[in-house]
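>>> Requesting a structural model of the entry that follows:
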Amino acid sequence: MHLDTDIDMTRVQAHRAAARAAGRRYSVVSYLLYAAGRVLDRHPEANAAMAPGWPGPLRRPRTVRFDGVTAKLALDRPVDGERTVLSALVPGLESATLGEIQERVDRYRGEQAADLPEFKGVRMLGRLPVPLGRAAFAAALRDPRRRAGVFGTVSVSSLGHRTVDGFHSAGGTAVTLCAGRVVDRAVVRDGVVVPAPVMRLGLTFDHRVIDGATAADVLSDLHDTMEAFDDSSDGTAGTDGTAGVRVQGPGTDARGADRDPRPVGGLGQSTR
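Next up is the predicted model:
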C-alpha cells in the first residue's frame, strides 16, 4: 500500500543554508533520517516486522517490534564494475543527532563505499550461486533478533538528485520512505500564494504489520516533524556541531543550500 504527501522544506533548507555558511554540510536525506527516527520511536507499532512461521508449520507468522530504529538506506554504488544498489544501515536513529547521522551518511559517500568492511557480507553473497545466496540471505532474516542488524527496521530511498518528484518502492520493512526532489512550488500562506521549496515524500507500508490509519499517522507525523524541524529539540545543542546554526527568518534564501557540485550517487547531490 502507498501513501504520499508534500512537505514544505523551508525550515530544513534554511537550516542547511545557515549550516553551510558556518562551514558544515547536511544532506536532505539526513534530515529525513533524523525525522524518521523520532517518528518511529513515537509509533513503535510501525517499527516492526512480520516474522515468519518458522522453524515449523505449526508456528504462525507474528509481528515483532524492535527496540531501536535502524534505517536501511539505499545507495547507488558500483560493485565489481557493475551499478548496484547497496543497503547501508544507520542505527540508533531514535536518539542520534543530526551531526551523528550526517557523519554516518558521509561514510557511505564516494565510489569506494562498497569496499567498506560492513559490506563484506554483501560481497560474499554476490560470489555465491544465486539460489545459494538467496537461501543464505533468507536464513539470516529468520531470526527476528538479528533482522534489525541485517535488514534495518525502516527503509529509506531518495531519487531527489534527479528530476523525480515522487516514487514508491518496497524495501522489505514495514515502512519504506521514498523522497523525491526539492523544488520550488506555489504554496498558500496566510491567504497569499508564495514560492516554497517542497519535497514529495512517499510511504509504502506492509498491511500485514500496520493498517492504513496507522500509516497515515506516521506519514502525518513525518510531515509535521520535518516542516517544524528544530535540531535543538533533542537537547544536544552545542554538543555535536548541529547547534550554533542560526536559521534566519522567512526572508532567507534557502535555495542556495542546494548548490554543491560534488556527486554523491544514490544519496543525491547537494539537494539531497
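
>>> Helices of this protein, start to end?
Remark: helices assigned in the chain by DSSP state H are 10-21, 28-42, 98-107, 120-127, 130-142, 144-151, 212-227.

>>> buried residues in the last one?
By that I understand helix 212-227. Neighbour-count burial for helix 212-227, counted by 16 or more other CB atoms under 10 Å, picks out T214, A215, D217, V218, L219, D221, L222, H223, T225, M226. Every C-beta, even on glycine, is put in place using the N, C-alpha and C of the backbone.

>>> Would you check that the first one makes contact with H43?
Yes. In this structure, T214 is within contact of H43 by CB atoms under 8 Å, at 7.0 Å.

>>> how about V218, what does it touch?
V218 makes contacts with V39, L40, H43, A46, V175, L203, F205, I210, as judged by CB atoms under 8 Å, 6 or more residues apart in numbering.

>>> ok, back up a step: of all the helices of the chain, which gets the most neighbours per residue?
Per-stretch averages of neighbours, counted by mean count of other CB atoms under 10 Å, single out helix 28-42 among these, with a mean of 25.

>>> And that one, what does it pack against?
If you count contacts as 3 or more CB pairs under 8 Å, 6 or more residues apart in numbering; DSSP states H and E, helix 28-42 packs onto helix 10-21, strand 71-79, helix 98-107, strand 154-158, strand 175-189, helix 212-227.

>>> give the contact list for the residue lying closest to E94 once chain neighbours are set aside.
Setting aside the residues directly before and after it, E94 is nearest to D41 in space (CB to CB, 6 or more residues apart in numbering), at 3.9 Å. The contact partners of D41, by CB under 8 Å, 6+ apart, come to N47, V69, E94.

>>> Show me which of those residues is closest to V156.
Within these, the smallest distance to V156 is 10.8 Å, found for V69 (CB to CB).

>>> unless I'm mixing things up, the closest one is touching A48, no?
No. With contacts counted by CB under 8 Å, V69 stays clear of A48, the gap being 11.0 Å.
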